[in-house]
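In: I would like the atomic coordinates for the input below:
(2 chains)
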Amino acid sequence: MNQPDQLEQVRAALDTVTDPEIDESVAALEFVSRVEVSDENDVSIEFRLPTFWCAPNFAFMMASDMRDAVREMDWVRSVSVKLLDHFSADLINRGVALKQDFRDAFPGETDDDLASVRLKFLGKAFERRQELLIRHLLGMGYKGEWMSQISLRELMGLSLDSEGTRLRTLYIFAWRRLHPEWSEANLAFVALSGDRLDPGQLPSYLRRIGGVRRNAEYNGFICRNLLAERKAEMAGVRE
Amino acid sequence: MFTTKNGDKVFVIDGHMALWDASPANQRNRHGEEFINCFYNYHKISPKEYYWPREKFEKYSEADLMKDLFEEGYVDMAIFQPAYLGDFYKEGFGNLRRNWALIQEHPDRLIGNGWWDPRNGEAGLEQLEREAEMFKLKGVKLYTAEWHGDSKGYKLSDPWAQRYLQKCVDVGIKNIHVHKGPTILPLNRDAFDVADVDDAATSFPDLNFIVEHCGLPRLDDFCWIAVQEPNVYAGLAVASALIHTRRKYFAEIITELLYWLGADRILFGSDYAIWHPKWIIEQFMDLELSNELAAEANTTLSLEVKKKIMGENCARLYDIDIAQQCVRLGLPAIAEPVAVA
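Out: Reported below is the predicted structural model:
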């Protein structure tokens, strides 16, 4: 494989890694500042977060997710992920390089691994994506009653425009992650608790889970602004 | 005082402002430098004509504050919400004595809140008692993500925090302004989790918990808690600054807060000196909810609602009699809302 194709593949892999707070990919958020592939197929990635203070657990999650996503490609010999300009950069970079658990990377500062916070934010991503997809389908004329009954297979078979297809792909990705044991015969739309949706309560349900989206939107806005200012500042320093 | 196009007067209390010194001379380490860098990047959400040069942003004067808030910024009264950050700044980022000196010059304008840190143990409890008396504290600002030696933060549900909250009850401090920042231990949890506010609000029903920047970046969780706890309030600091670049989005946030908390539990704050109150207040007073949002909020952003948010709600928490205060400050009297039969 030639290098441009490899870079393309690495970028595509990074596109599947999200910032849990914003539920957008680290690539789209422009956190990744450098990607290189050597002649020996060693991949090195550098990234920078919007502030020196961004939560280290999320930084660790993103860094290890990037490592794993790239590592999955069979031509890759090694991956190095480096977080820049962060108060915990050394601990995070070392932990990710050594494939440590979060609790080993931050000895004494955490009572468990990141499983519970990962699950919490996967749940938020699921709700955010579900709300957007349901609203899209309502806009197309589908009824809540029908949505509360269809299986994932039926959802996959729906003919949608490009925006609908994009929302469906994102939603199903979270659905499968949240319920790895489920099959396509399971209900496509359920609450995070796993309960069936009550079509009579759909407006208030959407209102509640809409809060998750608004929150993520705020985080996205703040992070983009802070990162842009930070980059401008660093460019100024280098001049 | 803000005057609407129709001549209506609105009494403004800025519930969240500060006088800080983040200059290199006061920085203890790189953290002090990075902290103010981060604030400065937030500052850039302002309209361009309000940008300050970095040097002024690091350290501005008492005269700047008085002019920006009370001469240019429509503010009638304002509350200091100091963040100490002693691990980052030699004399503290905010400093109670410096605040107090200015309050003594302008006692009808300024209210000074204190702070505490449960990790200071018994000594901190004694300090709180002394400061409550010395500075006549009615409120405190808590920054739960503050670093303290090896610790990177605390929770209001920690046993020591509970003792400090009880001390607040004992010494007559009733307003607890909570600022959630990142990196709370244990690090494997959600760093901005607001669940400990729920816990504290239930345990201390006589205290008011004003959650600054309305729980953002956990607005969803915050609204959920506020619905169940009548003594939880939303402080608009930070959120209000979105009104310039993201007006529609800010309208959505206000809609959510009005729906879940109602008009009586939202408090204005500019977060000066990150942002100048003038443009925030002008844009807020000019804001109307679309029909769609008003239907969702179950109310409109009427003048009555705006008056509550801009001053009346805060006045209630801090025992401020707005009519009397207008007399003291030589301001025109504010018309009482006319009861509609």
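In: Only C-alpha atoms from now on, for both contacts and neighbour counts.
Out: Will do.
In: Tell me where the chain has helices.
Out: Defaulting to chain A. A:3-14, A:56-71, A:89-97, A:102-105, A:115-139, A:144-147, A:152-157, A:162-178, A:202-238 (DSSP state H).
In: oops, I was thinking of chain B
Out: B:30-43, B:54-58, B:62-66, B:96-105, B:121-134, B:159-171, B:195-203, B:219-228, B:247-260, B:277-286, B:291-297, B:303-307, B:313-317, B:322-328.
In: circling back to that earlier point, any chance of the helices of chain A in CSV, plus mean pLDDT and distance to chain B?
Out: Putting those into CSV (pLDDT from 0 to 100; distance: least, C-alpha to the nearest C-alpha, whole Å) gives the following:
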stretch, mean pLDDT, distance to chain B
helix A:3-14, 93, 23
helix A:56-71, 92, 6
helix A:89-97, 90, 12
helix A:102-105, 73, 8
helix A:115-139, 93, 6
helix A:144-147, 96, 19
helix A:152-157, 98, 27
helix A:162-178, 95, 18
helix A:202-238, 85, 5
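In: any chance of the ones you listed in a markdown table, plus distance to B:W100?
Out: A markdown table is the format used below for the helices of chain A (distance: least, C-alpha to C-alpha, whole Å):
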| stretch | distance to B:W100 |
| --- | --- |
| helix A:3-14 | 52 |
| helix A:56-71 | 36 |
| helix A:89-97 | 39 |
| helix A:102-105 | 44 |
| helix A:115-139 | 42 |
| helix A:144-147 | 59 |
| helix A:152-157 | 63 |
| helix A:162-178 | 53 |
| helix A:202-238 | 33 |
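In: Identify, out of those helices, the most deeply packed stretch.
Out: helix A:56-71 (a mean of 22; mean count of other C-alpha atoms under 10 Å in any protein chain shown).
In: helices or strands next to that helix in the packing?
Out: In this structure, helix A:56-71 packs against helix A:3-14, strand A:18-19, strand A:78-84, helix A:89-97, with contacts taken as 3 or more C-alpha pairs under 8 Å, 6 or more residues apart in numbering or on different chains; DSSP states H and E.
In: among these, which is nearest B:E229?
Out: strand A:18-19 (30.9 Å; C-alpha to C-alpha).
In: quick revisit: tell me which of the helices of chain A approaches A:E30 most closely.
Out: Closest approach to A:E30 among these (C-alpha to C-alpha): helix A:202-238, 8.4 Å.
In: what comes into contact with the helix or strand bottoming out on mean pLDDT in chain B?
Out: Scoring the helices and strands of chain B by mean pLDDT, DSSP states H and E places helix B:291-297 at the bottom, with a mean of 88. Contacts with helix B:291-297, where a contact means C-alpha atoms under 8 Å, 6 or more residues apart in numbering or on different chains, come from B:A251, B:E252, B:T255, B:E256, B:L258, B:Y259, B:T300, B:L301.
In: Please tell me how far B:A294 sits from chain A.
Out: 14 Å (C-alpha to the nearest C-alpha, to the nearest Å).
In: Enumerate the positions of stretch B:239-255 that are buried.
Out: Burial within stretch B:239-255, assessed by neighbour count using 16 or more other C-alpha atoms under 10 Å in any protein chain shown, is assigned to B:239-244, B:247-255.
In: Also near chain A: which of those, exactly?
Out: Counting by C-alpha under 8 Å from any C-alpha of the partner chain, B:I253 from the buried residues of stretch B:239-255 sit close to chain A.
In: quick one: low-confidence parts of the stretch 201-341 of chain B?
Out: Counting by pLDDT under 70, the stretch 201-341 of chain B contains low-confidence residues at B:336-341.
In: Closest approach to chain A from it, which residue is it?
Out: B:D220 (4.8 Å; C-alpha to the nearest C-alpha).
In: B:R218 versus the residue nearest to that residue when sequence neighbours are not counted, what's the distance?
Out: Counting by C-alpha to C-alpha, 6 or more residues apart in numbering or on different chains, A:G211 is the residue found nearest to B:D220 once chain neighbours are left out, at 4.8 Å. Distance of A:G211 to B:R218, given as C-alpha to C-alpha, to the nearest Å: 9 Å.
In: What does the pLDDT read for the residue nearest the centre of chain B?
Out: Geometric centre of chain B, nearest residue: B:H16, 3.1 Å, by C-alpha atoms, centre = their mean. Per-residue pLDDT puts B:H16 at 97.
In: That one touches B:L267, doesn't it?
Out: No. B:H16 is beyond contact range of B:L267, at 9.1 Å (criterion: C-alpha atoms under 8 Å).
In: OK, contacts around A:A125?
Out: A:P20, A:D23, A:A174.
In: no no, A:D19
Out: So A:D19 contacts A:S25, A:V26, A:F58, A:M62 (C-alpha under 8 Å, 6+ apart).
In: next one: B:G330
Out: Here B:G330 is in contact with no residues (criterion: C-alpha under 8 Å, 6+ apart).
In: With B:K141 instead?
Out: Counting by C-alpha under 8 Å, 6+ apart, the residues that B:K141 touches are B:Q81, B:P82, B:A83, B:N113, B:G114, B:W115, B:W116, B:I176, B:H177, B:V178, B:H179.
In: list the contacts for the fifth one?
Out: With contact taken as C-alpha under 8 Å, 6+ apart, B:G114 is in contact with B:Q81, B:P82, B:L96, B:E131, B:A132, B:L137, B:G139, B:V140, B:K141.
In: Adding distance to B:A195 and pLDDT as columns, could you present the residues you listed in a markdown table?
Out: As requested, the contacts of B:G114 are exported to a markdown table (distance: C-alpha to C-alpha, whole Å; pLDDT from 0 to 100):
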| residue | distance to B:A195 | pLDDT |
| --- | --- | --- |
| B:Q81 | 22 | 97 |
| B:P82 | 23 | 96 |
| B:L96 | 29 | 95 |
| B:E131 | 29 | 97 |
| B:A132 | 27 | 97 |
| B:L137 | 26 | 97 |
| B:G139 | 21 | 98 |
| B:V140 | 19 | 98 |
| B:K141 | 18 | 96 |
